[in-house]
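Engineer: Predicted model follows, preceded by the sequence.
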Amino acid sequence: MIVAIVAVITFVLIHLAPGDPFSAVLDNPNVSESVRATLRAQYGLDRPLPEQFLRYAGALARGELGWSFSYERPVREVMATALPNTLLLMGVALVGSFALGILVALIQVARRGSFTDHALSGISLFFFSMPDFWLAILTLLAFTYWLPIFPVGGAVDPVMHEYLSWAGRVADRLRHLALPALTLTILASATVARFQRAALLDVLPADYIRTARLKGLTERQILRRHALRNALLPIISLIGLSFPALLTGAFFIEKIFAWPGMGFAVVSAIGTRDYPLVVGGVIIGSIMVALGSLLADLLYAWADPRLRGH
Amino acid sequence: MAISLAQPRQSPLGLAVRGILRKPSSRVAVFILGVIILVGLFAPLIAPYDPAAQPDIVALKSLPPSLAHPFGTDPYSRDVLSRVIYGARLSLSIGILATVVSLTFGVAYGAIAGYAGGVIDAVMMRVLDAFLSIPRLLLLLGVLVAWPRLSVPALVVFLGLTGWFGLSRIVRGQVLALKHAEFVTAALALGASRRRILVRHLLPNLVSPIVVAATVGVAHVIVLEAGLSYLGIGVPQPLASWGNIIQDGADQVATLWWMSLFPGLFMVLTVMTLNVLGEALRDAYERR
């Protein structure tokens, strides 16, 4: 359903736009009108719109996303090579940001009202308010130019990678992954920390916490065993909600660190006006987000004993 | 002799003002945001140079910060401080205007769905779900790539049109909850039209979520506009928006660090203050 609506939206957008791929690609006086017409006919752009839409929808249903003009390969292939890199980046950032965010929230709640709490709140607000691309630019500046610890970009060393041993290749990949993943993790963890702090504070006035306190448990035990567990449920829904932000963040971060993922491909396609690739990215991105929220729903049902068995 | 038994009702505006002034952090935020807005308003008086002037493309090109140019100059010899000041004007206006568009659509759509109920509501909500599932940036990418070189007003409309989904869901929920409240039944009994009930009785009860959504919405649009301009498909060059200035230095991040640092700092400051205010407002309304 969602895919269908996305398909309609993207199709309408493309066809409402002035010109077509060929007026952009072949906008030079040396290409005669007849060549352009032949190309249009070849790609079916001279057919009536409803027919074009049906062909487009049919192709989508078969998993075809069209032809990327700039890569001169099917969009599906471009995406298939890029997607694993994006998923790796997002996966590392997802795990990292939830670990870091929950940790920060726990520290804050354990010392609620203290200077540490306020300072950490300020820091998470700072990163929460930061545009993805700006933090990426700053980390790039700081750790590749001013303090050249990490490589400037890419997923592997363009020259040396082929000659490295197996372990060397893994290390090379990790070195390249570090900065983009760290940037995305920090950005995402700000949201998690803010959210989780509120969730923990919501749970603390509950009766079972008072019971635990009366039993003589230390504040630490209460937080870890009683409060955190109950405050983890909302975090599962946050996983689903954080997918769009992670994906958007990955788009900018991939561009800035030249990380060869989906975002990098799509953002480069903006420059070359490669519509099919951009649209393919929009469609795949939306599917990823939809799957992410479905996953979160399933996880929620599994984790909440009250929902189990229904 | 009339005795009022009712509690003096706090107006949403009064609540908002008191909520903001109560916390020191939001007082600071109001001050900073006020300064940035004033800077934007009086940009022509404050900016030391013309933001578009390219006085000497050879001698004054890409200078690091100095007394004459506190934020340096860009590769076209333009003064970055002046561009950041004019950028405040443009980025803030885009944020505010796009949010007005979002609010109009979000409130109208949500109120109609909630008030109509039944099949209309169900269909409208499914369509909304689909839109909500497309990340806003991707939706905008799809639009903006198809329409290259959009004018600023068109950009504002698109930014606004992609930002109302969340709010309309909240509005719909509130309308649904209030639809059968006693004061609505009373108004119905008095013969009020549907439209009158929506506008005079339901909307005033929605002021608080709308104000919160608007504050945070402006922050979102500012970040989005900057991101799109950074990708080269937002505000058309040579206009100065915060994202555009960063884009101008993007090819040489390492050497022209001042071109990404300063506009970015202004942007983060603005977005932070808006988020602090949004939070203070939410607290104020929830406490009621």
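Structural biologist: Cool, got the structure. Numbers count the residues shown, from 1 in each chain, chains lettered A, B, ... in the order given.
Engineer: quick one, helices of the stretch 51-200 of chain A?
Structural biologist: Ranges of helices within the stretch 51-200 of chain A are A:75-110, A:115-128, A:132-140, A:166-203, based on DSSP state H, counting those that start in this stretch.
Engineer: same question, chain B
Structural biologist: If DSSP state H is used as the criterion, the helices of chain B fall at B:12-22, B:24-41, B:43-46, B:80-116, B:118-133, B:136-146, B:152-161, B:165-178, B:182-189, B:194-196, B:207-230, B:242-248, B:257-287.
Engineer: Give the residue spans of the chain that score low on pLDDT.
Structural biologist: I went with chain A, as the question did not name one. For chain A, the stretches with pLDDT under 70 are A:1-3, A:10, A:13-33, A:36, A:39-40, A:42-49, A:307-310.
Engineer: Chain B was what I was after
Structural biologist: Applying pLDDT under 70 to chain B flags the ranges B:1-10, B:148, B:287-288.
Engineer: At the geometric centre of it, which residue do we find?
Structural biologist: B:Val218 (1.2 Å; Cα atoms, centre = their mean).
Engineer: Chain A too?
Structural biologist: Short answer for chain A (Cα atoms, centre = their mean): A:Leu247, at 1.6 Å.
Engineer: that older thread, for the helices of the stretch 51-200 of chain A, which one sits closest to chain B?
Structural biologist: Closest approach to chain B among those (Cβ to the nearest Cβ): helix A:132-140, 4.2 Å. C-beta coordinates here come from the backbone N, C-alpha and C atoms, glycine included.
Engineer: ok, is the closest one in contact with chain B or not?
Structural biologist: Yes. Counting by Cβ under 8 Å from any Cβ of the partner chain, contacts between helix A:132-140 and chain B involve A:Asp132, A:Phe133, A:Trp134, A:Ile137, A:Leu138, A:Leu140.
Engineer: Check which residues of that helix are buried.
Structural biologist: A:Asp132, A:Phe133, A:Trp134, A:Leu135, A:Ala136, A:Ile137, A:Leu138, A:Thr139, A:Leu140 (16 or more other Cβ atoms under 10 Å in any protein chain shown).
Engineer: quick one: stretch B:164-176 to chain centroid distance?
Structural biologist: 18 Å (Cα atoms, centre = their mean, to the nearest Å).
Engineer: cool, and stretch B:141-151?
Structural biologist: 20 Å.
Engineer: Between the two ends of it, how far is it?
Structural biologist: 15 Å (Cα to Cα, to the nearest Å).
Engineer: That one close to chain A?
Structural biologist: Yes. Using Cβ under 8 Å from any Cβ, stretch B:141-151 reaches chain A at B:Leu141, B:Gly142, B:Val143, B:Val145, B:Ala146, B:Trp147, B:Pro148.
Engineer: from these, which single one is nearest chain A?
Structural biologist: For the residues of stretch B:141-151 next to chain A, the nearest to chain A is B:Ala146 (3.5 Å; Cβ to the nearest Cβ).
Engineer: Surely that closest one is in contact with A:Ile270?
Structural biologist: No. Using Cβ atoms under 8 Å, B:Ala146 is not in contact with A:Ile270, being 10.9 Å away.
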